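Undergrad: how would this look folded up:
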Amino acid sequence: MWAHSANWRGERHRFSDHARGTAAMAGRFGTEFGAGELAHALGLFHDAGKVRCAWQERLRQVETEAGRVGIPHKDLGAYLLRSAAGVAALPVLGHHGGLTSAGELKDLRLEDASPGGEVLSRFLAEVPEAAEVLERAPLSLIPAVWRDSKLASELGIRLVFSSLVDADHLDTAAHFDGLSTPRVREDSDMAQLRDHFEWNRRRLIAGRAASPIDDLREQVYREAVHEAAGPTGIYRMPAPTGVGKTLSAAGFALHHAARTGKKRVVVAVPFITVTEQNAEVYRELLGQDTVLEHHSAVDVPESAAEAQRLRLAAENWDAPFVVTTTVQLFDSLFARKPARMRKLHRLANSVVILDEVQALPLHVLTPILDALRTLSERFGTTVLLTSATQPSFESLDVWNQLEIPNVVKDPDSLFKQLRRVRYEWWVTPKPSLAEVVSRAGEHEQSLMVVNTTADARTVYQQWQYEGVENPFHLSTRMCAAHRRAVLAEVNDLLACGKPVRLVSTQLIEAGVDVDFPVVYRAMAPAEAVQQAAGRANREGKRAESGLVTVFDAEDMGSPAGYRIGSDATRGLFGPQQHGVIDPDDLGTLDLYYRRLYQRSNTEHAERARTIQESRAKFDFTAVAEGPLRPGGAGQVRDAALAFRMLDDDTVPVVVTDYESTAEDLIDELRGREQGIGDVLRRLQPYIVSLPRRVLDDRGVCDLCKPIVAGLDLSAWRGDYHSAYGIDTSNLINEEVW
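TA: Residues are numbered from 1 along each chain as shown. Below you'll find the model as predicted:
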């Protein structure tokens, strides 16, 4: 019997070979988190339905037609494993279409699966060892570490599903590629990687210009490496901006991985721009082949011609050091489709660095923290939280009584030693935005950070009108290539001491390396204010402290998601009854987060509660797509209650007016049937992600022309301004980031 049609050598894939190959690999993956037996069984049974005569006959027919078999085969294996694995048999039922719900498994009825029947006999004739699994006691395949918690079991099922899907894809790809064994990278020697990193770090530091804060950076690094000797757990790195968190976090992770036998390091950061920046640093220190950079300005669809092979490295994170975005990480963790989840088993027995952890969205914070705690306590994952503005997660019930050691010994002292700025508060009476713009323009070198793209454009236009020398603009309406060019020019002017004024949305706060003497920050949540302050006197080289002016203009824009945080900032920081309190006061910052969680109803909001309830019911579809609407006709789901990191869904568009290269790449993309992944990667510097709600406007939508059928990517045929990028202001009334 056969599992797959003939490969390029004319060889069919034997059913028994595929079942055993998938089982062995899935078992190996599952062993990393104590689920080796379960994963092996899932692999052995996953294609059991293919032994049916109808399926085998259809396979022979489609070999000459180059089509699909089209006969479901997922049900038999899931049905047979239901006793020994319980709800953990769901991965077999979903190994093609995705995880569904415990209810679907429970309702499964098969007439041809009876003991002694023809179908079961055919299956056992192919893999006789499966009989032992069928004889096991009920639920005995479920790992003991899962059994006392439904939420832990739910996460375990996600990881074992990932193990099955990855093993299935790898074994299948090996067959069609004509390989005797699947393409699986050998486990890296983490001690060797650590030593390589240390050698290159010393070389990097020796070749870098001296800075007044070099000694403190080295102190933070030494303390982090010292704490890496600790056990698997959740750690915190509270360190000011500019103190070298990127290197210190990696040093902690690599030393800890080498000591505790972890298999890889996964670094997740909030923004693609920082992902690219950090990945480049890590590649320099660890080597090109060691670091996998994974983010998705464009996701290749499931139906792409190259199927599994196109997305292999990105899909299964088969690398010792992965740099990704928090959106990619957590949207995958709570997804249900194979392509998104295939990588998840790599999180077990790994070190996960969450950079700028204060940026985790409040509306899904509870399930995120619950999953992180479970990964750490039950699946061997160490988590490092890095931020200059550490959130008070331990104040939430989901992390109640959780010990979170600091890898920096005395954060208060460190923040005081590294205080490179002084704050001014322009909040009472409230100024107009125009007043603030004029004052910021009076400084020879100044950065102004605002909350919306509309305000950023207004500031730039006023500076132009006032004749300010060297004004620049930065926002997400500009493609990455454009933003990089602007930042390079701005940094050159700063280094030469020449006049330069830059207005930016909050993207400048995401680890972008600029150093201004003066920063103006529109009123915002305290963590955003402090991040903006990190762009002032960043290196501590200036004779005077940097100046950060927080302003609360009466006519400035503010995203809806900023309201609660901004109000909490107004109530706790700046001029208060007992004096002026600045955002780098760690005690008040802790109080700020507690107030933020309380006022935003973080733990008890309907969305977070619904996600956790759906997880406890093993309803994976409800988690990823939202629960069924009560009383609704048909299968209508409430997407507003689904897990999604970003509520404001975006659509990628390619800007063709910035550089002619983009148009050439579009032509190349249209002309290819294979290898499109490489073209998409080369297109990323020219992509802008527009909020989908902006495209709801007919005037904007008409300017987006689809490039390739089935690919969620369009070419932007509207205006692209040389200073501020895509401009839709004359088409709609916009108030977007």
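
Undergrad: so how far is the host helix or strand of residue 327 from its chain's centroid?
TA: Using DSSP states H and E, the element containing residue 327 is helix 326-333. Here helix 326-333 shows a centroid-to-chain-centroid distance of 4 Å under the convention CA atoms, centre = their mean, to the nearest Å.

Undergrad: Just the CA coordinates for that helix, please, in CSV.
TA: Presented in CSV, the C-alpha positions along helix 326-333 are these (Å, rounded to 0.1, in the frame of the first residue of the first chain):
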residue,chain,number,x,y,z
THR,A,326,5.9,38.9,18.9
VAL,A,327,3.0,39.0,16.5
GLN,A,328,4.4,36.0,14.6
LEU,A,329,5.2,34.1,17.9
PHE,A,330,1.9,34.5,19.7
ASP,A,331,-0.5,34.5,16.7
SER,A,332,1.2,31.2,15.8
LEU,A,333,0.9,29.9,19.4
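
Undergrad: what separates the very next helix or strand once past it from the chain centre, distance-wise?
TA: The first helix or strand that comes after helix 326-333 along the chain, using DSSP H and E, is helix 338-341. Centroid displacement of helix 338-341 relative to its chain, using CA atoms, centre = their mean, is 14 Å.

Undergrad: Remind me what helix 338-341 packs against, helices and strands.
TA: Identification of packing neighbours for helix 338-341 by 3 or more CB pairs under 8 Å, 6 or more residues apart in numbering; DSSP states H and E yields helix 150-176, helix 326-333. All C-beta atoms are positioned from the backbone trio N, CA, C, and that covers glycine.

Undergrad: what is the orientation angle of the shortest one with helix 150-176?
TA: Taking axes from the mean of the first three to the mean of the last three CA atoms, to 10 degrees, helix 326-333 and helix 150-176 form an angle of 90 degrees between their directions.

Undergrad: by contact count, what packs against helix 326-333?
TA: The contact analysis (3+ CB pairs under 8 Å, 6+ apart) places helix 326-333 against strand 265-269, helix 338-341, helix 365-378.

Undergrad: any chance of those in TSV, with mean pLDDT, mean neighbour count and distance to residue 569 too?
TA: Converted to TSV, these look like this (pLDDT from 0 to 100; neighbours: other CB atoms under 10 Å; distance: least, CB to CB, whole Å):
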stretch	mean pLDDT	mean neighbour count	distance to residue 569
strand 265-269	96	27	24
helix 338-341	94	23	36
helix 365-378	98	22	19
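
Undergrad: how would you label residue 718: helix, strand or coil?
TA: At residue 718 the chain is in coil, as set by DSSP: H, G, I helix; E, B strand; the rest coil.

Undergrad: Just confirm it contacts residue 697, I think it does.
TA: No. Counting by CB atoms under 8 Å, residue 718 stays clear of residue 697, with 11.4 Å between them.

Undergrad: show me where pLDDT drops low in the stretch 201-350 of the chain?
TA: Within the stretch 201-350 of the chain, the stretches with pLDDT under 70 are 273, 295-314.

Undergrad: that older thread, would you mind finding the most buried of the helices and strands packed on helix 338-341?
TA: helix 150-176 (a mean of 25; mean count of other CB atoms under 10 Å).

Undergrad: I'd like to check the angle between it and helix 365-378, please.
TA: Using the same axes, to 10 degrees: helix 150-176 against helix 365-378 is 80 degrees.

Undergrad: got the contact list for the helix holding residue 327?
TA: 158, 266, 268-270, 294-296, 340-341, 343-344, 347, 352, 354, 359-360, 364, 368, 371, 643-646 (CB atoms under 8 Å, 6 or more residues apart in numbering).

Undergrad: rerun at 7 Å
TA: Here helix 326-333 makes contact (CB atoms under 7 Å, 6 or more residues apart in numbering) with 268-270, 294-296, 340-341, 343-344, 354, 360, 368, 371, 644-646.

Undergrad: Over to stretch 339-352?
TA: By CB under 7 Å, 6+ apart, the list of residues contacting stretch 339-352 reads 29, 32-33, 158-159, 161-163, 165-166, 169, 253, 256-257, 262-266, 268, 302, 311, 315-317, 332-333, 335, 375, 379-384.

Undergrad: and the nearest residue to residue 523 once chain neighbours are set aside, what are its phi and psi?
TA: Using CB to CB, 6 or more residues apart in numbering and skipping the chain neighbours, the partner closest in space to residue 523 is residue 552 (4.1 Å). The phi/psi pair for residue 552 (degrees, to the nearest 10) reads phi -120, psi 70.

Undergrad: burial of residue 552, as a residue count?
TA: When counting by other CB atoms under 10 Å, one arrives at 21 neighbours for residue 552.

Undergrad: which ones are touching it?
TA: Residue 552 is in contact with 427, 430, 523, counting by CB under 7 Å, 6+ apart.

Undergrad: Helix, strand, or coil at the nearest residue to residue 586 once chain neighbours are set aside?
TA: Distances taken as CB to CB, 6+ apart put residue 412 closest to residue 586, at 5.9 Å, once the chain neighbours are dropped. Here residue 412 is recorded as helix under three-state DSSP.

Undergrad: Mind pulling the model confidence for residue 412?
TA: Note on residue 412: pLDDT of 91.

Undergrad: number of nearby residues for it?
TA: Quick note: residue 412 (other CB under 10 Å) scores 11 neighbours.

Undergrad: I figured it hits residue 587, correct?
TA: No. In this structure residue 412 lies outside contact range of residue 587 using CB atoms under 7 Å: 8.7 Å.

Undergrad: Mind telling me what element residue 262 is part of?
TA: Short version, using DSSP H and E: residue 262 is in no helix or strand.

Undergrad: isn't there a helix covering residue 19?
TA: Yes. Judged by three-state DSSP, residue 19 forms part of a helix.

Undergrad: can you pull the contacts of it?
TA: 44, 47, 126, 127.

Undergrad: so can I have TSV of those showing pLDDT, secondary structure and distance to residue 612?
TA: Below are those laid out as TSV (pLDDT from 0 to 100; DSSP: H, G, I helix; E, B strand; the rest coil; distance: CB to CB, whole Å):
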residue	pLDDT	secondary structure	distance to residue 612
44	98	helix	33
47	96	coil	33
126	96	helix	41
127	97	coil	38
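
Undergrad: any idea where the helices of the stretch 101-250 of the chain begin and end?
TA: Counting by DSSP state H, counting those that start in this stretch, the stretch 101-250 of the chain has helices at residues 102-106, 118-126, 130-134, 150-176, 190-206, 214-227, 245-260.
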